[in-house]
Each structure stands twice: as structure tokens, then as C-alpha cells.
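[1] this one's structure only:
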């Protein structure tokens with residue numbers, strides 16, 4: 001029971017210290033990064049994918065075949081403003097390695113939290129749902145890691 005109380009006390013202390021630091025930082029990048037996005041402005045998220053060694057080409061092939069059309073449909077619906085992708089020219093260390101970064105500029109933060117169900121879109125785009133589901137399963141099987149990173153602009157002139 002003491003362990004639970006200590007854990008709760010630790011969380012509360014961390015929250016209090018974080019708020020104190022944010023208050024003292026004022027308009028610094030720390031304070032900007034902790035703010036919620038403005039509801040009517042574009043919301044940018046970078047999605048990183050790290051595939052098992054030797055499987056990056058298969059991953060991007062499946063991504064372009066099955067997921068990119070869904071993103072394009074969401075673009076047609078006005079939910080997404082832009083989708084771009086990049087891969088590193090050279091390799092880095094294994095712990096920092098990623099194979100693809102897909103950057104999505106959403107219409108606003110609200111469309112990322114509105115509970116949109118892409119099932120109808122995928123059924124329209126991919127009538128052979130068995131193949132679609134199998135290939136999507138494979139795309140995620142070959143991933144070692146995946147993370148999403150919302151981006152906040154920092155005004156360096158302020």
C-alpha cells in the first residue's frame with residue numbers, strides 16, 4: 001500500500017514541478033510545446049516507422065498500396081490538407097533509426113479526435129477485405145517501432 005501512496009505522491013510532485021517550470025518559462029519553447037493546438041488551425045503530425053532490417057521496401061510498398069489511398073480519401077473529404085513522406089538518405093544508430101516519416105497536415109486538431117471510422121472508406125477502396133486485412137496485418141508485423149509526433153512551431157523571433 002505504501003508503494004501506491006509513494007507512486008501517487010511522485011506523480012503529484014512531478015505535475016506540480018512541471019506546472020512551476022511552465023509558469024517560469026513564460027513564452028519559451030517549453031511553454032509553447034505544452035499548449036493545446038488551436039482548434040481552427042492546421043495540425044501537423046509526423047508518423048515514424050521503423051521496419052525490421054531488410055523489410056523497409058516491403059513496408060512502403062504495402063503502405064502505398066493500402067494506407068495511402070485511405071489518406072488520399074480523407075484528403076478528398078477535407079480532413080487532411082497534405083501528406084508527404086521522407087526517408088533518411090543514410091543510416092543512423094540503431095536506437096535512433098527510422099525508415100520512413102510520413103507527415104500529415106490535418107485540417108485541425110478536431111478531425112484527429114472526432115472518432116472518424118475509416119471502415120466505410122476501406123470497404124469502398126478495397127472490396128477484397130480479406131486481402132486488405134491480411135496485407136495490413138503484414139505491414140504491422142514487419143514494424144519494429146512506430147511513433148506519432150505532433151509538431152508545434154516555435155517562433156524564433158519572439
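    Right, received. Where do you want to start? Note that the coordinates shown come from a computational prediction; the quantities given were computed from them, not determined experimentally.
[2] can you list the domains in this structure?
    By the assignment in automatic domain parsing, the chain contains the domains 2-34, 43-151.
[3] tabulate these (CSV), appending distance to residue 158.
    No exception for glycine: its C-beta is placed from N, CA and C like everyone else's. Formatted as CSV, those follow (distance: least, CB to CB, whole Å):
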stretch, distance to residue 158
domain 2-34, 6
domain 43-151, 18
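[4] please identify the deepest-packed of those domains.
    domain 43-151 (a mean of 14; mean count of other CB atoms under 10 Å).
[5] sorry, back to before: out of the domains of the chain, which comes closest to residue 157?
    Nearest to residue 157, of all these, is domain 2-34, at 11.7 Å by CB to CB.
[6] hang on, the earlier thing: reformat the domains of the chain as CSV; add mean pLDDT and distance to residue 157.
    Formatted as CSV, the domains of the chain follow (pLDDT from 0 to 100; distance: least, CB to CB, whole Å):
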stretch, mean pLDDT, distance to residue 157
domain 2-34, 43, 12
domain 43-151, 96, 18
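[7] three-state assignment of residue 53?
    What DSSP: H, G, I helix; E, B strand; the rest coil gives for residue 53 is coil.
[8] again, but for the one 10 residues further on
    Secondary structure, three-state DSSP: residue 63 is helix.
[9] could you measure from residue 83 over to residue 129?
    Residue 83 sits 23 Å away from residue 129, going by CB to CB, to the nearest Å.
[10] oh, that last question was meant for residue 52, not what I typed.
    Taking CB to CB, one finds residue 52 at 26 Å from residue 129.
[11] and if you look at residue 105?
    To residue 129, residue 105 is 29 Å away according to CB to CB.
[12] again, but for residue 75
    Residue 75 sits 22 Å away from residue 129, taking CB to CB as the criterion.
[13] what lies in contact with the strand or helix carrying residue 120?
    Per DSSP states H and E, residue 120 falls inside helix 119-125. Identification of contacts with helix 119-125 by CB atoms under 8 Å, 6 or more residues apart in numbering yields 69-70, 73-74, 129, 132.
[14] which stretches in the protein count as strands?
    Using DSSP state E, the strands of the chain run over 43-51, 80-86, 100-106, 143-151.
[15] okay, these in CSV with distance to residue 63 next?
    Formatted as CSV, the strands of the chain follow (distance: least, CB to CB, whole Å):
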stretch, distance to residue 63
strand 43-51, 8
strand 80-86, 8
strand 100-106, 7
strand 143-151, 10
